[in-house]
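Student: make a model of this:
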Amino acid sequence: MNHQTTTNSSTKSKEPLHPEEVVTTVLLLRHGHTQATEQGKLYTDPTAELTEAGKLQAEALGRWLKKQSAELLLSSSSRRVLTTAEIVGECIGMPPVVVAGLDEWDVGEWEGRAYIDIKAEEPELYKAWINDPILNKPPGGESIADVSVRTKTKIDNIIASNSGKKIALVTHAGIIRSAIVGALEMKINNFWRVVIPVGSATRIDYSASFAALQYMSLKPGDQGY
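Tutor: Now for the predicted structure:
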């Protein structure tokens, strides 16, 4: 009788369906409400202050973040963002670290103006911009394509320095939009279709293979969050 050695499939060392990868979580928090936000103005203004409503939104973000076990709190440098980050930091017992290169879209000579006013006062210039609001720049400012490249470079650097951690980053709508579009490998012309309210939270998980958008525009304090 021949005895053949056979390998039972149930005793084989099982290869995982997907190899494990280090995941770095980035929680992107938009700053609280400002007066300019309410007026629908374009502004990079690093000195814009939070309103009382904005401070309450920052407190709600802080209470929510306390449950998320963030290991690092980062902030861009404008006053409205840093004030938000400081309020959040008080809630979680962690001072924010300011990082350069994640400030809002630079709107150049359109600083402090509303789209409707620019259209009325400089119709030809506005029309030229609106024909391609991704690649064209406001006079003296930067394009959305520029913002997208700047955001990707900076977030890649943050992840490389903090691999495997859960990072909270307080920043601007333009930066968060750029991060979402980049993570999902969307066409950049979808930038304007992404809505990021003040005082909201967005989560993106990054690994070597891909990025996954877990949720976006969550408003802590709403619906029990």
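Student: pLDDT score for the residue nearest the centre of the chain?
Tutor: Closest residue to the average C-alpha location of the chain: residue 176 at 2.5 Å, with C-alpha atoms, centre = their mean. Predicted confidence (pLDDT) for residue 176: 98.
Student: all strands of this structure, in order?
Tutor: 24-30, 41-42, 72-75, 97-98, 113-114, 166-171, 201-206, 211-218 (DSSP state E).
Student: which one of the ones you listed lies closest to residue 146?
Tutor: Among the strands of the chain, the nearest to residue 146 by C-beta to C-beta is strand 41-42 (15.2 Å). C-betas here are computed from N, CA, C, even on glycine.
Student: near residue 203, how many other residues are there?
Tutor: Other residues lying near residue 203 total 17 when counted by other C-beta atoms under 10 Å.
Student: repeat for residue 95
Tutor: 11.
Student: any regions of this protein where pLDDT drops low?
Tutor: 1-19, 38, 40, 222-225 (pLDDT under 70).
Student: now the helices for it?
Tutor: 35-38, 52-65, 79-92, 115-121, 123-130, 144-161, 173-183 (DSSP state H).
Student: in JSON lines, list those helices along with distance to residue 209.
Tutor: Below are the helices of the chain laid out as JSON lines (distance: least, C-beta to C-beta, whole Å):
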{"stretch": "helix 35-38", "distance to residue 209": "37"}
{"stretch": "helix 52-65", "distance to residue 209": "27"}
{"stretch": "helix 79-92", "distance to residue 209": "30"}
{"stretch": "helix 115-121", "distance to residue 209": "39"}
{"stretch": "helix 123-130", "distance to residue 209": "37"}
{"stretch": "helix 144-161", "distance to residue 209": "13"}
{"stretch": "helix 173-183", "distance to residue 209": "12"}
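Student: quick check: which of those is buried the most?
Tutor: helix 173-183 (a mean of 24; mean count of other C-beta atoms under 10 Å).
Student: which secondary structure elements does that one contact?
Tutor: Under the contact criterion of 3 or more C-beta pairs under 8 Å, 6 or more residues apart in numbering; DSSP states H and E, helix 173-183 touches strand 24-30, helix 144-161, strand 201-206, strand 211-218.
Student: residue 76: which of those is closest?
Tutor: Taking the helices and strands packed on helix 173-183 one by one with C-beta to C-beta, helix 144-161 is closest: 9.4 Å.
Student: surely the residue nearest to the centre of the chain touches residue 28?
Tutor: Yes: look at residue 176 against residue 28 with C-beta atoms under 8 Å: they come within range, at 4.6 Å.
Student: shared neighbours of those two, which are they?
Tutor: Residues touching both residue 176 and residue 28 (C-beta atoms under 8 Å, 6 or more residues apart in numbering): residue 202.
Student: perfect, I'm done here.
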